[in-house]
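A.B. asks: just coords:
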């Protein structure tokens with residue numbers, strides 16, 4: 001006689017956990033594997049303005065960050081991870097941009113990272129702007145970030161006007177136009 005077995009139950013936490021791990025693996029695979037990242041080209045760069053999603057969170061220093069408070073000024077959002085070698089290579093260029101454009105608000109979005117590693121990244125690479133801790137990977141999805149590093153530029157009205165994958169080359173021209 002055969003006994004009937006009940007099927008294994010899949011719970012919501014298992015699905016959410018599996019989804020989170022799948023996104024981590026996808027981002028790890030994408031970091032540096034994109035042709036744009038390897039070649040240093042930016043695709044697509046300047047884009048037709050579209051409303052930016054709301055970005056709010058807790059910073060690495062436990063401060064409250066909200067891009068809505070930056071309305072009226074251009075904003076540069078840098079999506080990075082301490083585990084991403086191209087992010088580390090690009091960070092000095094981003095630091096130089098932040099120093100060159102004091103009227104532009106820079107904010108980082110630390111994607112799926114270990115807090116102690118993220119803080120080390122910021123200290124080691126002398127990052128002078130705040131970063132949101134994004135352990136759930138919500139912001140890259142909302143901003144349509146295909147891989148890290150990606151830099152998104154917002155105009156003073158809060159619209160996305162630029163998306164640069166793998167490089168910050170070309171952002172200076174866009175910031176100059178936004179500030180003129």
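C.D. replies: That came through, no problem. Quick caveat, the model's predicted, so the values are computed rather than measured.
A.B. asks: Figure out the helix or strand that the residue positioned nearest the centre of the chain lives in.
C.D. replies: When the chain is reduced to its mean C-alpha position, the nearest residue by C-alpha atoms, centre = their mean turns out to be residue 79, at 1.8 Å. In this structure, residue 79 is located in strand 75-80 according to DSSP states H and E.
A.B. asks: Could you spell out the sheet neighbours of that strand, each with its direction?
C.D. replies: Using DSSP bridges, the neighbouring strands of strand 75-80 in the sheet come out as strand 105-111 (parallel), strand 150-154 (antiparallel).
A.B. asks: hmm, who's touching that strand?
C.D. replies: The contact list for strand 75-80, computed with C-beta atoms under 8 Å, 6 or more residues apart in numbering, reads 55, 67, 87, 91, 94, 97-98, 101, 104-111, 121, 131, 139-140, 143, 145, 148-154, 158, 171, 175. Where you see a C-beta, it was placed from the backbone N, CA and C, and this is true even at glycine.
A.B. asks: need the strands for this protein, in chain order.
C.D. replies: Along the chain, the stretches classed as strands by DSSP state E are 45-51, 56-58, 64-66, 75-80, 105-111, 131-134, 150-154, 159-165.
A.B. asks: If you compare the directions of the fourth one and strand 159-165, what angle comes out?
C.D. replies: Counting by axes from the mean of the first three to the mean of the last three C-alpha atoms, to 10 degrees, strand 75-80 points 30 degrees away from the direction of strand 159-165.
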